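Student: Pasted the sequence and its predicted model underneath.
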Amino acid sequence: MSAATPQRLKFIPAMHIKQGRDFSRVRQQGERLVLGCLIANWLKLPAGSTPRLGVVTSGKIGNAVVRNRARRLMREAFRLHQKELTRPVDLVLVARHSINGKMFSGVEKDYLAALRRAGLIKQ
């Protein structure tokens, strides 16, 4: 491989928020921002930690197909832009009803706008 080959961005299991107590901790102790098709809750972590993502999709946004697609779109936006984070965070994204029917570019735009406004990614 040449030196110009870009590093593959991964979303490994260590980057998933899975336990309810972690979701609750981010929600209670962290900060919150509502923008577009998602709600971002985050809690800053010590330097050197691995950023983690949790995704919440309520039955209110649609059936299982719609909820799974929303989860995939939000996880992909995180995966592609994880290296742009200014510091490690526990990030919980909550899908809003307006995510239903959006293309990836729209979800990515809302994700980046929310993180910029929160000061979590470089301008």
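Tutor: Done, it's in.

Student: so where's this protein uncertain?
Tutor: Scanning the chain for pLDDT under 70 picks out 1-7.

Student: May I see the buried residues of the helix ranked longest in it?
Tutor: Criterion DSSP state H: the longest helix present in the chain is helix 64-81. Applying a neighbour-count criterion of 16 or more other Cβ atoms under 10 Å, the buried positions in helix 64-81 are 66-67, 69-71, 73-78, 81. All C-beta spots, glycine's among them, are computed from the backbone N, C-alpha and C.

Student: and what of stretch 89-107?
Tutor: Judged by neighbour count (16+ other Cβ under 10 Å), stretch 89-107 contains these buried residues: 89-96, 99, 102, 107.

Student: Just name the closest of those to Asn41, please.
Tutor: Val92 (4.3 Å; Cβ to Cβ).

Student: C-terminal to the longest helix of the chain, which secondary structure element comes first?
Tutor: The first helix or strand that comes after helix 64-81 along the chain, using DSSP states H and E, is strand 89-95.

Student: Not counting its own residues, what contacts that following strand?
Tutor: With contacts defined as Cβ atoms under 8 Å, 6 or more residues apart in numbering, strand 89-95 is touched by 17, 22-23, 25-27, 30, 37-45, 51-58, 61, 67, 70-71, 74, 78, 111, 120.

Student: Check those residues for burial and list the buried ones.
Tutor: Buried subset of these (neighbour count, 16+ other Cβ under 10 Å): 17, 22-23, 26, 30, 37-43, 51-57, 61, 67, 70-71, 74, 78, 111, 120.

Student: Among the residues you listed, name the ones in strands.
Tutor: Per DSSP state E, strands hold the following members of the buried ones among the contacts of strand 89-95: 38-43, 52-56.
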